[in-house]
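A.B. asks: Need coordinates for the following:
(one chain, ligands or ions: 3)
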Amino acid sequence: MKYTKNLMDFCVWLWLSIFIVQSAHGDVSYSIPEELKRGSVIGNVAKDIGLDLKGLSGRKARIDTEGNSRRFVDINLRTGELVVAERIDREELCSEKLSCVLNVELMLETPLELHRVLIEIKDINDNSPIFPTDVITLEISENADKGAAFRVAGAHDADIGQNAVQNYALENNNHFVLAVRTNDDGGKYSELILDKELDREKEEEVKLVLKALDGGNPAKSGSVAIHITVLDANDNAPVFSQTAYKASLPENSPLDTVVLIVSATDADAGANGEVTYEFSRITEKARKLFALNHQSGEIRLIGSVDYEDESKYEMRVQGKDGTGLTSDTKVSIEIIDVNDNAPVIYLKSLNSPVPENAPPGTEVGIINVQDRDSDSNRQIRCTIQQGVPFKLVPSIKNYFSLLTTGELDRELITDYNITITATDEGSPPLSSSKVVHLSVADVNDNPPVFSKQSYIAHVTENNSQGSSVASVTATDPDWRQNGTVIYSLLPGEVNGFPVSALLSINGDTGVIHAVRSFDYEQFKDFKVKVLARDNGSPPLSSNVTVSIHVVDVNDNSPQILYPSPDGSSVMTELVPRAAPAASLVSKVIAVDADSGQNAWLSYSIIKATDPGLFTIGVHSGEIRTQRDISESDAIKQDLIVSVKDNGQPSLSVTCTMYLVISDNLADIPELKDRSHEDSSSKLTTYLIIALVSVSTFFLTFMIIALAVRFCHRRKPRLLFDGAVAIPSAYLPPNYADVDGTMTLRSGYNYDAYLTTGSRTSDFKFVQSYNDGTLLADRTLSKSCTADEPFGPCDEPETLLQICCPPPSQRYCNIGDFTAEHMDDQE
Ligand SMILES: *[C@@H]1O[C@H](CO)[C@@H](O)[C@H](O)[C@H]1NC(C)=O
Ligand SMILES: *[C@@H]1O[C@H](CO)[C@@H](O)[C@H](O)[C@H]1NC(C)=O
Ligand SMILES: *[C@@H]1O[C@H](CO)[C@@H](O)[C@H](O)[C@H]1NC(C)=O
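C.D. replies: Ligands and ions are numbered 1, 2, ... in the order given. As a prediction, the model looks like this:
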């Protein structure tokens, strides 16, 4: 059987090859199209084999198939026809085999007979081409070149041969054309050929419909949608929305302020279109201030911006897409000024200390004012505090000169704190101030000033050497050495003594010391000038008069001027016998070098030849008769007179007054005894008498002359007012001044007259200072001859004229008297 089957296969092949319809072994074969209706007659097999129709049913003719395969055909026993028993689908039976033969057997019994029947199933175009998927998706990059081919999965048609897919067709479209190609195995497939470039940015997806056509008649077709996704190619660089971005930002804006947002778009898709941002060019400074969000393009403030530091920032921002195409843009950020800077005052120079004698308008300092802000925020007004002698004068640009406006006086204000305020014109304005400390330098502009206009000091005579006499103080408000006071005595002469011989002064303390012991009788008072000098350069000084009054101490005994104290008998008074009672006989003249009470003399007769005959004026020293002289009275009368001053204790001295009661000197033999047996006593006596006579005559003449002269003028007050004239020879050598009613006076009288006169105190000063003390040998000396006879005299003025050279006008002018008159004499 196996052999048979192989043989049959061989036969079929042979049949096909040589187109033999009838089997060589008596087999029959038919050819039918597939898909015939059931019952369709394939052929009359009985007749074709040559069987008797009548015997068919008897012989149990039947169709057998091999194995269990389905029975597609059957035999009509009545007609002997082979009919289709079941739908025959060629594609099912043979799929893609080119020949499809259905092999059945016709069996007959009695006798057993077997016939092979071959039924060739012919294809009909009953299947359309079918694409494997409903939709074909393709991804094509947009930058695919023209002519690029993209193979499309072929369609399948179950039919074979001509009925299989013969062609493809593409719907009209803009980009692709179709190329149909044949496989190695003869199958057809198609390729999409890019005819016009794709641009994803215009068209992301291209939809095509591809039709597959078979070769049947009529032809059947199948179509498929082709979805082409245009794949992005990074063919677009990011594009910024503006070519340049500008933003303005007030300085001191808070952190995180969004300054601006740059944005760039990229037409590309996906990563190619994702733009990230970064700074492509930025200064280090700006980098610390601005941060760029890479994704959003937002520029934020991350530091503090200061207009004064930088007013404008420029940077470039780059936008970059996924594969690195870039573009960039310029970003300028302008910082807006805010009035955040107070003006600053700089003291550029300061002439401190400024000398106090600087004239008004002196420049003492230069000030510079700065404000880091701009525009009106840096317009500055500068003011100076009130009440100081300074002003600000605008100079070039932001410079101001600080000038004095008035006189400065260090002694009043030693330093100034000058507050200078600068205010800008921002809103709100800011201001600042500066204190300029200026000190005033001393200039030696104040002389020392004594605490008193003048000083009076009293010093007791016979003081010890070096004892302090007085103290002066002067103050000088100047500074340091300009205010350091040094005392000194102005050189000068006091009665012939240089001042330095009398006084010394402590230069530092102003204490005046006596250099020597003072004698009231020598200097009753005197004036010295103390100079207070400061130590400045040049120094300033002032002087003050210090009047030193030497206070008298009763250290001088009265001194008898007349009668001669040496007890010489030459001085004998003649008392006429006819003298009535109370007639003036003689006068005891005494002086006391002391003053005041110390020179207040009182006279008394302590012993007399006849105590009842003569009396003496207690204060005048005048000796008068107490009664008429009688014949019985002795010719010689001696009186011992005591002269006593009023000091404590009082000092006294005695003298003897010789009186002769006689009318004629010749009657006095005793005189010869008293003249110490001098051989020339007689001659002397005669001389005396002659001198007295001449003197008396001269005296009388002068009285008349003076009376005539002075009756036309104010009666001068003379030195020896009320005093008894004394020949200069009798004055003590160091006689200074005799005070008291009965004694000589000088200095005080001078002062008194000068102050009542029209003279200035200056004059008085000079006079007093230079000539406050009369020296005996300068007073009434020289012109008055010591040995000139001299008698009692009631008129002191007269006496002066007698003693001194002819009177001059100066007698009227007491102030001039001493100095000039004496000068004349010298
Ligand atoms: C000026 O200021 C200084 C220090 O602040 C102070 O010592 C001085 O007394 C002041 N002077 C005046 C005149 O106010
Ligand atoms: C004293 O005054 C003079 C100018 O008269 C001045 O030059 C000097 O500096 C002053 N001395 C002091 C210590 O102030
Ligand atoms: C003493 O002071 C007076 C006035 O104050 C002045 O005229 C005189 O020159 C001064 N004398 C001296 C030596 O300074």
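A.B. asks: wait, what's in contact with the residue of the chain found nearest ligand 1?
C.D. replies: In the chain, the residue that lies nearest ligand 1 is N417 (3.7 Å; CB to the nearest ligand atom). (Each C-beta comes from the backbone N, C-alpha and C, glycine too.) Taking CB atoms under 8 Å, 6 or more residues apart in numbering as the contact definition, N417 lies against 435-438.
A.B. asks: Would you tell me which one of the residues you listed comes nearest to Y455?
C.D. replies: When those are compared for distance to Y455 (CB to CB), L438 wins out at 40.5 Å.
A.B. asks: Give me every residue in this protein that's in contact range of ligand 2.
C.D. replies: Those residues of the chain that sit near ligand 2, judged by CB under 6 Å from any ligand atom, are 441-444, 479-482, 536.
A.B. asks: Mind doing that once more with 8 Å?
C.D. replies: Residues of the chain found near ligand 2 (CB under 8 Å from any ligand atom) are 355, 357, 441-445, 478-482, 536-538.
A.B. asks: And stretch 486-498, what's buried?
C.D. replies: Neighbour-count burial for stretch 486-498, counted by 16 or more other CB atoms under 10 Å, picks out 486-489, 492, 494-495, 497.
A.B. asks: Of the residues you listed, which belong to strands?
C.D. replies: When these are checked against strands (DSSP state E), the matches are 486-489, 494, 497.
A.B. asks: Out of the contacts of N417, which end up buried?
C.D. replies: Taking 16+ other CB under 10 Å as the criterion, what is buried in the contacts of N417 is 436, 438.
A.B. asks: Please identify which of the contacts of N417 is nearest to ligand 3.
C.D. replies: Here the nearest of the contacts of N417 to ligand 3, counting by CB to the nearest ligand atom, is L438; it sits at 34.5 Å.
A.B. asks: Can you read off the pLDDT for the closest one?
C.D. replies: pLDDT, L438: 92.
A.B. asks: any idea which helix or strand comes after whichever strand or helix holds it?
C.D. replies: Assigned by DSSP states H and E, L438 falls within strand 431-441. Next along the chain after strand 431-441, taking DSSP H and E as the criterion, comes strand 449-450.
A.B. asks: Strand partners (parallel or antiparallel) of the following helix or strand past that next one?
C.D. replies: Proceeding N to C from strand 449-450, the next assigned helix or strand is strand 454-460, under DSSP H and E. Strand pairing for strand 454-460, determined by DSSP bridges: strand 541-551 (parallel).
A.B. asks: near ligand 3 at all, the partner strand?
C.D. replies: Yes - with CB under 8 Å from any ligand atom as the criterion, ligand 3 is reached by strand 541-551 at 541-543.
A.B. asks: Looking at the buried residues of stretch 486-498, point me to the pair that's furthest apart.
C.D. replies: Greatest spacing in those, by CB to CB: I486 and N495 (27.3 Å).
A.B. asks: still on that earlier bit, can I have the buried ones of the residues of the chain next to ligand 2 as a PyMOL selection?
C.D. replies: Listed next is the PyMOL selection for buried residues among the residues of the chain next to ligand 2, using 16+ other CB under 10 Å:
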select buried, resi 357+441+442+443+444+445+478+479+482+536
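A.B. asks: Which of the residues of the chain next to ligand 2 sits closest to K60?
C.D. replies: A441 (163.7 Å).
A.B. asks: still on that earlier bit, tell me what the strand holding L438 is packed against?
C.D. replies: For strand 431-441, the contact count by 3 or more CB pairs under 8 Å, 6 or more residues apart in numbering; DSSP states H and E identifies strand 344-350, strand 354-355, strand 363-370, strand 415-424 as packing neighbours.
A.B. asks: quick one on the thing from earlier: restrict the contacts of N417 to contacts with ligand 1.
C.D. replies: Near ligand 1, by the rule CB under 8 Å from any ligand atom, you find 435, 437 out of those.
A.B. asks: would TSV of the contacts of N417 with distance to S652 be doable?
C.D. replies: Compiled in TSV, those are given as follows (distance: CB to CB, whole Å):
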residue	distance to S652
V435	84
V436	83
H437	79
L438	78
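A.B. asks: Which single one of the contacts of N417 is nearest to ligand 2?
C.D. replies: L438 (15.3 Å).
A.B. asks: any idea how far that closest one lies from T414?
C.D. replies: Distance of L438 to T414, computed by CB to CB, to the nearest Å: 10 Å.
A.B. asks: same check, this time on D48
C.D. replies: Distance from D48 to T414, counting by CB to CB: 160 Å.
A.B. asks: Tell me which of these two has more neighbours.
C.D. replies: Under the criterion of other CB atoms under 10 Å, the comparison of D48 against T414 puts D48 first, with 18 against 15.
A.B. asks: Secondary structure class of that one, three-state.
C.D. replies: Here D48 is recorded as helix under DSSP: H, G, I helix; E, B strand; the rest coil.
A.B. asks: So what's the residue count around the residue lying closest to it once chain neighbours are set aside?
C.D. replies: Closest residue to D48 apart from its sequence neighbours, by CB to CB, 6 or more residues apart in numbering: V28 at 4.5 Å. The number of residues packed near V28 is 22, by other CB under 10 Å.
A.B. asks: pLDDT weak spots in this structure?
C.D. replies: 1-26, 67-68, 565-571, 665-684, 710-826 (pLDDT under 70).
A.B. asks: I'd like to know which residues of it are adjacent to ligand 1.
C.D. replies: Residues of the chain lying close to ligand 1 (CB under 8 Å from any ligand atom) are 413-417, 435, 437.
A.B. asks: How about the secondary structure of the closest residue to S311 other than its chain neighbours?
C.D. replies: The shortest distance from S311 to any non-neighbouring residue, by CB to CB, 6+ apart, is to I335 (5.1 Å). Look at I335: counting by three-state DSSP, its state is strand.
A.B. asks: show me the contacts for I335.
C.D. replies: I335 is in contact with 248-251, 305-307, 310-313, counting by CB under 8 Å, 6+ apart.
A.B. asks: hmm, which two among these are most spread apart?
C.D. replies: Comparing every pair within these by CB to CB identifies S248 and D306 as the most remote, at 14.8 Å.
A.B. asks: who's more crowded, the two?
C.D. replies: It is D306, of S248 and D306, that has more neighbours when counted by other CB under 10 Å, with 17 against 12.
A.B. asks: Enumerate every residue touching the closest residue to the more buried one other than its chain neighbours.
C.D. replies: Leaving aside its chain neighbours, D306 sits nearest to E251 (5.6 Å; criterion: CB to CB, 6+ apart). Contacts for E251 (CB under 8 Å, 6+ apart) come out as 305-308, 335-338, 340.
A.B. asks: how much space is there between E251 and D157?
C.D. replies: For E251, the distance to D157 equals 81 Å [CB to CB].
A.B. asks: in the sheet, who's paired with K391?
C.D. replies: Counting by DSSP bridges, K391 forms beta bridges with L403.
A.B. asks: In terms of helices and strands, where is E35?
C.D. replies: Using DSSP H and E, no element contains E35; it sits outside every helix and strand.
A.B. asks: what sits against it?
C.D. replies: Each residue near E35 by CB under 8 Å, 6+ apart is listed here: 87-90, 124, 126.
A.B. asks: Let's see that with 6 Å instead.
C.D. replies: 124, 126 (CB atoms under 6 Å, 6 or more residues apart in numbering).
A.B. asks: please renumber so the chain begins at 9
C.D. replies: All set: I'll call the first residue 9, so the last point we hit is now E43.
A.B. asks: tell me the phi and psi of it?
C.D. replies: Main-chain torsions, E43, degrees, to the nearest 10: phi 60, psi 30.
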